[in-house]
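# Show me the folded form of this:
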Amino acid sequence: MIDADGQVKVADFGLAKITAQDSGGLTKSSVAMGTPDFIAPEAMLAGALVDQRADIYAVGVMLYQML
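All right, here's what the predicted structure looks like:
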């Protein structure tokens, strides 16, 4: 990211972490995962079908937080 003065900003979303072993179960299709402040409201509903719009919501929240 680059601010108005042309300064480069590092954006760390906190999504990656180093594990001692490959767990293989870092994501699941039936479980809401992520930082609660960035999860789309519909993603928190039990049995909700979430698509790419939830990702767009999360990016929007993240960009708003970076202001």
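# use CA for all of it now, contacts and neighbours both
OK.
# three-state assignment of the residue in the chain sticking out farthest from the centre?
Distance from the C-alpha centroid of the chain peaks at residue 5, with 26.9 Å (Cα atoms, centre = their mean). State at residue 5, reduced to three classes by DSSP: H, G, I helix; E, B strand; the rest coil: coil.
# Could you check the pLDDT of it?
Note for residue 5: predicted pLDDT of 90.
# same deal with residue 8?
Listed pLDDT for residue 8 reads 84.
# cool, and residue 15?
At residue 15, the pLDDT recorded in the model is 66.
# can you check residue 35 too?
78.
# Pull the contacting residues for residue 40.
If you count contacts by Cα atoms under 8 Å, 6 or more residues apart in numbering, residue 40 has them with 54-55, 57-58.
# What separation do you get for residue 65 and residue 39?
Residue 65 sits 14 Å away from residue 39 when distances are taken as Cα to Cα, to the nearest Å.
# Over to residue 48?
To residue 39, residue 48 is 13 Å away according to Cα to Cα.
# So between those two, which is more surrounded?
Taking other Cα atoms under 10 Å, residue 48 and residue 39 do not tie; residue 39 has more neighbours (18 against 11).
# list the contacts for that one?
Counting by Cα under 8 Å, 6+ apart, residue 39 makes contact with 54, 57-58.
# Next, give phi and psi for it.
Backbone torsions for residue 39, taken as degrees, to the nearest 10, come to phi -80, psi 130.
# And it, how close does it get to residue 57?
As for residue 39, its distance to residue 57 is 8 Å (criterion: Cα to Cα).
# again, but for residue 51
11 Å.
# same check, this time on residue 37
Using Cα to Cα, we find residue 37 at a distance of 11 Å from residue 57.
# Kindly report the same for residue 6.
According to Cα to Cα, residue 6 stands 27 Å off from residue 57.
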